[in-house]
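Visitor: Following is a predicted model, sequence given first.
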Amino acid sequence: MRSIGKYFIFIGSLFKNRESFRTYVSLFFDEAVKVGTDSIFLIAIVSVFMGAVTTIQTAYNLVSPLIPDYVVALVVRDMVLLELSPTIIAIIFAGKVGSNIAGELGTMRITEQIDALEVMGLNSSSYLVLPKVMATIFMFPALVITSAFLSILGGYVATVFTGVITPFEYTQGIRYHLNEFMVAFAMIKSVTFAFLISTISSFMGYYTKGGALEVGKASTAAVTNSVIAILLADYLLAQLLAEYLTSI
């Protein structure tokens, strides 16, 4: 409970004694490149194969003659939008970006760079962490949208090369009875996960104590705690929003 309370106090400190808006704009774009642009290649590879594998496995399991073949694409679309792209990509994102954030801040802490900022009269948590949080919240939903598109495209490519269903049936299933709230649901998840990953990783790195060994431990703890928080938030959001989704 003490750590949870310290975490919320840390979040509150991000909005006290802030620097000028121009300072945050410059830091925001630097962090957006590190958080978003540098992650696109990994996200793209994972998404394409995730969509292709999901399509093939779904097609081989839906073998009933009573189920039209286009249902395969419908299942893939719903799985990608509701769960695979937001949650699986968030876990990968936590491993890549979250560990990097924790390692960067942890290194700054043990080399006393954060102490130097505080001596200069700056709010070190706001100056260092707030741009990372805002950049993550802004870029991660874009990565989720990219992942969903590439996953669906990967499923289409799988149908072309394997013939489990025809490309026409796949396209028909993708377009069949789309509930637009699924997209909003995915965006709500992505913003929530982005906030959790960035703040938890920053918290673990900012309060690192010791030497280089503790920086590695902080990075590991950041990924572990972020993944647990993602799964808990995923369950709570499903409970809160799934009923509304089915009622539309």
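Guide: Yep, it's here. Residues are numbered from 1 along each chain as shown.

Visitor: Which strands or helices does whichever strand or helix holds residue 219 pack on?
Guide: Assigned by DSSP states H and E, residue 219 belongs to helix 212-247. If you count contacts as 3 or more C-beta pairs under 8 Å, 6 or more residues apart in numbering; DSSP states H and E, helix 212-247 packs onto helix 89-93, helix 99-110, helix 181-206. Every residue, glycine included, has its C-beta placed from N, CA and C.

Visitor: mind showing which ranges of this structure have poor pLDDT?
Guide: 242-248 (pLDDT under 70).

Visitor: Let me know the secondary structure of the residue of it positioned farthest from its centre.
Guide: Going by C-alpha atoms, centre = their mean, the residue of the chain most distant from its centre is residue 65, 38.0 Å out. Secondary structure, DSSP: H, G, I helix; E, B strand; the rest coil: residue 65 is coil.

Visitor: Scan this protein for its longest helix.
Guide: For the chain, the helix with the greatest residue count under DSSP state H is helix 124-162.

Visitor: before we move on, the earlier item: turn the helices and strands packed on helix 212-247 into a markdown table, columns for mean neighbour count.
Guide: Shown next, in a markdown table, are these (neighbours: other C-beta atoms under 10 Å):
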| stretch | mean neighbour count |
| --- | --- |
| helix 89-93 | 23 |
| helix 99-110 | 23 |
| helix 181-206 | 22 |
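
Visitor: out of these, nearest to residue 220?
Guide: Proximity to residue 220 (C-beta to C-beta) singles out helix 99-110 among the helices and strands packed on helix 212-247, at 7.6 Å.

Visitor: now for the closest one, which elements pack on it?
Guide: Where contact means 3+ C-beta pairs under 8 Å, 6+ apart, helix 99-110 is packed against helix 124-162, helix 181-206, helix 212-247.
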